[in-house]
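K.L.:
Give me coordinates for this.
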Amino acid sequence: MRKRIVVSMLVIALAAALLGGAAFAWFTDEEKVTANFTAGTLDLAAPVATSLEVTNMAPGDHQDWTVTIQNAGTLDMYYRLFFEGGISGGFDEVLKVSLYDGTVEESELPIFGSTLLSNVNVDNAWFDETKTYVDADAAAHEYTIRFELPFDTGDDYQGATWNITLNIQATQKDNQTSGDIKW
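P.N.:
Here you go, the predicted model:
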């Protein structure tokens, strides 16, 4: 008899649990959506310029060098240009350099005027937020760098040599603070 009472109690408890569970039933639904993330790219297309070799430069001579900046990446970018390298015989004290937008004939005035070659270094690079940027889908920017040996260059500079490297550095345009660009 005792066994029947225990079994009856278990059956009653199980029935109560089933009825209680049915009383608290909820309708449910679920949707899943995936999210994919891809980082953008920053890529200066090569070649930027061809090598330049100037020999037998005399006072009053100038040499133009064409530079093309193209964004092959997916992010808009700022860029800057500067020189580094070895200049002997003080040539950097007299050789002047200017940057023109397009060819010299297309530009009435250089966008960065005539300055000594030694002044265009990493600390004083050619950079202007309003001019030196390329959108990811924009056409290439073409510049002319003009090197000039002034007429008043003295005999002390005969045989002087220079071997420099043009550096073009790019950084993302988005999320930069004006005046505090991260290179």
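K.L.:
Neighbours of the nearest residue to L95 once chain neighbours are set aside, how many?
P.N.:
Using CB to CB, 6 or more residues apart in numbering and skipping residues adjacent in sequence, the residue nearest L95 is L117, 4.5 Å away. Bear in mind the C-beta positions are built from the backbone N, C-alpha and C, glycine included. L117 has 20 neighbouring residues, counting by other CB atoms under 10 Å.
K.L.:
And N71, by the same measure?
P.N.:
Count around N71 with other CB under 10 Å applied: 25.
K.L.:
where's it relative to G159, distance?
P.N.:
41 Å (CB to CB, to the nearest Å).
K.L.:
swap in A49?
P.N.:
Taken as CB to CB, the span from A49 to G159 is 26 Å.
K.L.:
cool, T50 as well?
P.N.:
Taking CB to CB, one finds T50 at 25 Å from G159.
K.L.:
so what's E142 closest to, chain neighbours aside?
P.N.:
Take E142 and drop its neighbours on the chain: the residue closest to it by CB to CB, 6+ apart is T68, 5.2 Å away.
K.L.:
isn't that neighbour right next to T50, touching?
P.N.:
No: taking contacts as CB atoms under 8 Å, T68 lies outside contact range of T50: 9.9 Å.
K.L.:
And those two? Which one has more around it.
P.N.:
Using other CB under 10 Å as the criterion, T68 and T50 rank with T68 on top: 16 against 10.
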